[in-house]
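Asker: got a structure for you, letters missing:
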């Protein structure tokens, strides 16, 4: 069992970097911020000081250039699901690059990409038809948007009037122009709002802690959200809507918020009513993270289009994917017979080799069942240890992705003052040697500005003893942090 180890401060979550909170990094690196440009030739997320440099990683431990270490209890950004240093995956990359590193996908194919596509489609039980591989979740969302639009130009009769999407508040779908426009992440949109696409309607997130009214049943709450989606279709004009886009479990933006039972079935029913597509973003929540290989498999629905990324390659190489079901693929097959999209590095061979080996390991070692079991245990333990705390408003999650939301008062769920910057400061606090864990910070869960939460996303390879230790260290860090504030 891993014990608390020495820590490194200064890992700054990207939303907070945008607000200029880099004092911890500056102190650790001895930076004279009167000459920030001289610090590094690289554009880091903060230009004021470079982050501590990772020199090695093994299992769940990150080691920095000065010898300090932390236990990566969030797998980076819920990416490194197999931990670091898996020799099977490393060898698969070496073997592929020894054959060839790159081919022009406009003219040539590769066996490794075909194998990965077969592996991924097999994991859907044949519910999805084809896969398209890219390099990031943001690219995947852009590709999904274009695929969805093209579908309506290829069906018979064509429906060129379909130009709008409906997405949710408090969502995050990526940082490219298209994916950021789709996102409801207030902080990341702020600088670019005047330039973003305006053909995206918004509805409420399925966020029971803040969305359900007192005395309301889950079924009544679902009906309220279904009615809201229906009304948005009517407002935009049902014949203009391409599809509804949502994360099955909302990731860092709201802090591991799962949908209530029946929600996605109700949303799909509304989409079907108007002939629109259901597009699910499983970039963070998919590929086993929440206890099923694809999160929609536990929701009782099949999307028309799906995006995925992080757990696909487990951080060993940049890779993401778009999956499409037979409905979408068949329309293109009978139409132009082509998908009007492409990237230089789509289906990059080394990335496909890494992802293929990752997915084989997950399947062969039955890690999905392990995630479900460990996730149940982590959730129960976090509730037991944290529910009594006066500033812990909600503990929620699924599989090995759990969020902890903090409040000023449990009675009215009021948010802590934004000026206190609780989530980031707690993240920094938990990196101290006494705890040496990573708590992924987020803010804006209440209204896009107010609301603090942290995220835990341990590796699929963690043991039950390690899960208990993670929960205990999380408790200790939270209790000690708020005690130090009083």
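Answerer: Good, I have the coordinates. These numbers were taken from a predicted model, which means no experiment stands behind them.
Asker: regarding this structure, what is its longest helix?
Answerer: Ranked by residue count, the top helix of the chain under DSSP state H comes out as helix 464-485.
Asker: distance of residue 414 relative to residue 450?
Answerer: Distance of residue 414 to residue 450, computed by C-beta to C-beta, to the nearest Å: 9 Å. (C-beta placed from N, C-alpha, C; glycine too.)
Asker: residue 281 should be in a strand, yeah?
Answerer: Yes: Residue 281: assigned to a strand according to DSSP: H, G, I helix; E, B strand; the rest coil.
Asker: residues touching it, list them.
Answerer: Residue 281 is in contact with 137, 141, 171, 173, 245-248, 306-307, counting by C-beta atoms under 8 Å, 6 or more residues apart in numbering.
Asker: just list whatever residues bridge to it.
Answerer: Beta-bridge partners of residue 281, counted by DSSP bridges, are residue 307.
Asker: tell me the pLDDT at it?
Answerer: Note for residue 281: predicted pLDDT of 98.
Asker: thinking again about what came up before, in the longest helix of the chain, what counts as buried?
Answerer: Of the residues in helix 464-485, 466-471, 473-482 count as buried by neighbour count, 16 or more other C-beta atoms under 10 Å.
Asker: list the contacts of it.
Answerer: 1-4, 60, 71, 73, 374, 377-378, 381-382, 385-386, 389, 391-392, 404, 420, 425-426, 429-430, 434-437, 439, 456, 458, 462.
Asker: give me the buried subset of these.
Answerer: Judged by 16+ other C-beta under 10 Å, buried ones among the contacts of helix 464-485: 2, 4, 60, 71, 73, 374, 378, 381-382, 385-386, 389, 391-392, 404, 425-426, 429-430, 435-437, 439, 456, 458, 462.
Asker: on that earlier part again, in helices, which of the contacts of helix 464-485 fall?
Answerer: Per DSSP H, these map to helices at 374, 377-378, 381-382, 385-386, 425-426, 429-430.
Asker: can you lay out these as CSV showing distance to residue 338 and pLDDT?
Answerer: What follows is the ones in helices among the contacts of helix 464-485, written out as CSV (distance: C-beta to C-beta, whole Å; pLDDT from 0 to 100):
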residue, distance to residue 338, pLDDT
374, 43, 98
377, 48, 98
378, 45, 98
381, 51, 98
382, 48, 98
385, 54, 98
386, 52, 98
425, 51, 96
426, 50, 97
429, 53, 96
430, 50, 97
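Asker: make JSON lines from those residues and add distance to residue 195 to it.
Answerer: Formatted as JSON lines, the ones in helices among the contacts of helix 464-485 follow (distance: C-beta to C-beta, whole Å):
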{"residue": "374", "distance to residue 195": "43"}
{"residue": "377", "distance to residue 195": "46"}
{"residue": "378", "distance to residue 195": "41"}
{"residue": "381", "distance to residue 195": "45"}
{"residue": "382", "distance to residue 195": "40"}
{"residue": "385", "distance to residue 195": "45"}
{"residue": "386", "distance to residue 195": "41"}
{"residue": "425", "distance to residue 195": "32"}
{"residue": "426", "distance to residue 195": "34"}
{"residue": "429", "distance to residue 195": "37"}
{"residue": "430", "distance to residue 195": "37"}
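Asker: what about the residue nearest the centre of the chain, distance to residue 172?
Answerer: For the chain, residue 284 is the residue whose C-alpha lies nearest the centre (C-alpha atoms, centre = their mean; 2.6 Å). With distances taken as C-beta to C-beta, residue 284 is found 8 Å from residue 172.
Asker: need the residues touching each of these two.
Answerer: 247, 251-252.
Asker: and those, which is closest to residue 317?
Answerer: residue 251 (20.9 Å; C-beta to C-beta).
Asker: in this structure, where is pLDDT below threshold?
Answerer: 1-38 (pLDDT under 70).
Asker: how is it divided into domains?
Answerer: Here the domain assignment for the chain is 60-84+367-485, 87-365, based on the TED database.
Asker: mind putting those domains into CSV with distance to residue 47?
Answerer: Listed next are the domains of the chain as CSV, based on distance: least, C-beta to C-beta, whole Å:
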stretch, distance to residue 47
domain 60-84+367-485, 18
domain 87-365, 15
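Asker: of all the ones you listed, which one is nearest residue 43?
Answerer: It is, among the domains of the chain and with distance given as C-beta to C-beta, domain 87-365, at 14.3 Å.
Asker: centre of the chain to the closest one, how far?
Answerer: Centre-to-centre, domain 87-365 and its host chain are 11 Å apart (C-alpha atoms, centre = their mean, to the nearest Å).
Asker: select, from the contacts of residue 281, the two members most distant in space.
Answerer: 171 and 306 (15.3 Å).
Asker: more neighbours, these two?
Answerer: Each of residue 171 and residue 306 has its neighbours counted (other C-beta atoms under 10 Å); residue 306 has more, 28 against 20.
Asker: apart from its neighbours in sequence, what residue is nearest that one?
Answerer: residue 323 (4.4 Å; C-beta to C-beta, 6 or more residues apart in numbering).
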